[in-house]
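> Sequence below, structure please.
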Amino acid sequence: MSEAHKIGTKVRRLPGQSLREELDERFDKKVLFPFLAAGMGVMALISESIHAFFNVKPNVGVWATISLTLIVYAAVSIYRNFNKFKSIRRGEQGELIVAQIIERDLLPNGYVVFHDVQLEVGKKRFNIDHLLIGPNGVFVIETKNYSKPKRGEVKVSYDGKRVRWNGVAHKEDEARQAVAIAMAAKDFIFKETGVKVYVKPVLCAVGWYAVSDDLFRHPALLLMEKQLGTIIPKVYPKVQLSEQDRNLIIAKLS
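Residues are numbered from 1 along each chain as shown. Next up, the predicted model:
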């Protein structure tokens, strides 16, 4: 295949998205650019004022050095952050896709979801992409929307120890991270409600073909986004969660 791989699920437009896009565009054109232009004008004014009031001759070499330094600084900053910008945008898109699938496939079946949950347990801070509470327990869903190769396989596998993307394990252990976040959610829920609950970590690989040799026995579930609605309801909790406790957790998180 010479064509780049596509994400299987499209992101629907969100409420107020047109206004957000207009706001971003207006900020760039009407605020940021005029601010930079004003800054250049102020620098020119300061330079000319020095020449006029202190009778100092213009020094092209000094300003050339300053300009070159600023240009190099800007170029390095843009280069270092360009891929990060793309990664953040891709991550946001992945979380929106997963949120839409949860809304479509799981909420009608008695599940309640909280997105982008910030937890602080001890001195550590955790971010949960999606905290899902349902008839069969509590789940933390961590979304991974990595870029895909233009050719060849787009397969992610999990053997219960390491997650491998086309056979390559990242330095960041995604499965272990998901398990740690699930433990943090468990501790937080117990601290706030007194309810002991089993929290199942789920690693959702958006747009990748997920393969797990023993799906339900591994520390974390590795799923494609399209599998969320069919696999999660099949998970049998290690600790049964009563309707009363479930409602208590939901009320506390709300």
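
> which residues of this structure fall in helices?
Applying DSSP state H to the chain gives helices spanning 17-26, 33-54, 60-105, 174-193, 228-231, 243-253.

> Of the ones you listed, give the one that comes closest to residue 210.
The closest of the helices of the chain to residue 210 is helix 228-231. By CB to CB, the value is 9.9 Å. In short, each C-beta sits where N, CA and C put it, glycine included.

> How far away from the center of its chain is the closest one?
21 Å (CA atoms, centre = their mean, to the nearest Å).

> Which positions in it come out as buried?
Residues 228-229, 231 are the ones in helix 228-231 that count as buried (16 or more other CB atoms under 10 Å).

> Show me where the stretch 151-254 of the chain dips below the pLDDT cut-off.
239 (pLDDT under 70).

> returning to that earlier point: make JSON lines from the helices of the chain and add distance to residue 137 to it.
Formatted as JSON lines, the helices of the chain follow (distance: least, CB to CB, whole Å):
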{"stretch": "helix 17-26", "distance to residue 137": "33"}
{"stretch": "helix 33-54", "distance to residue 137": "51"}
{"stretch": "helix 60-105", "distance to residue 137": "15"}
{"stretch": "helix 174-193", "distance to residue 137": "11"}
{"stretch": "helix 228-231", "distance to residue 137": "13"}
{"stretch": "helix 243-253", "distance to residue 137": "9"}
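
> Of all the ones you listed, which one comes closest to residue 148?
Residue 148 lies closest, by CB to CB, to one member of those: helix 60-105, at 10.1 Å.

> State the mean pLDDT of the closest one.
Average pLDDT, helix 60-105: 83.

> now stretch 125-137
89.

> Off-centre distance for that stretch?
15 Å.

> Flag every buried residue along that stretch.
126, 128-134, 136-137.

> Pull the most distant pair out of those residues.
126 and 136 (22.8 Å).

> Burial check on residue 88, number of neighbours?
Using other CB atoms under 10 Å, residue 88 is surrounded by 11 other residues.

> just to revisit the earlier point, could you dump the buried residues of stretch 125-137 to JSON lines with distance to residue 72?
Shown next, in JSON lines, are those (distance: CB to CB, whole Å):
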{"residue": "126", "distance to residue 72": "38"}
{"residue": "128", "distance to residue 72": "40"}
{"residue": "129", "distance to residue 72": "37"}
{"residue": "130", "distance to residue 72": "42"}
{"residue": "131", "distance to residue 72": "44"}
{"residue": "132", "distance to residue 72": "48"}
{"residue": "133", "distance to residue 72": "51"}
{"residue": "134", "distance to residue 72": "54"}
{"residue": "136", "distance to residue 72": "57"}
{"residue": "137", "distance to residue 72": "54"}
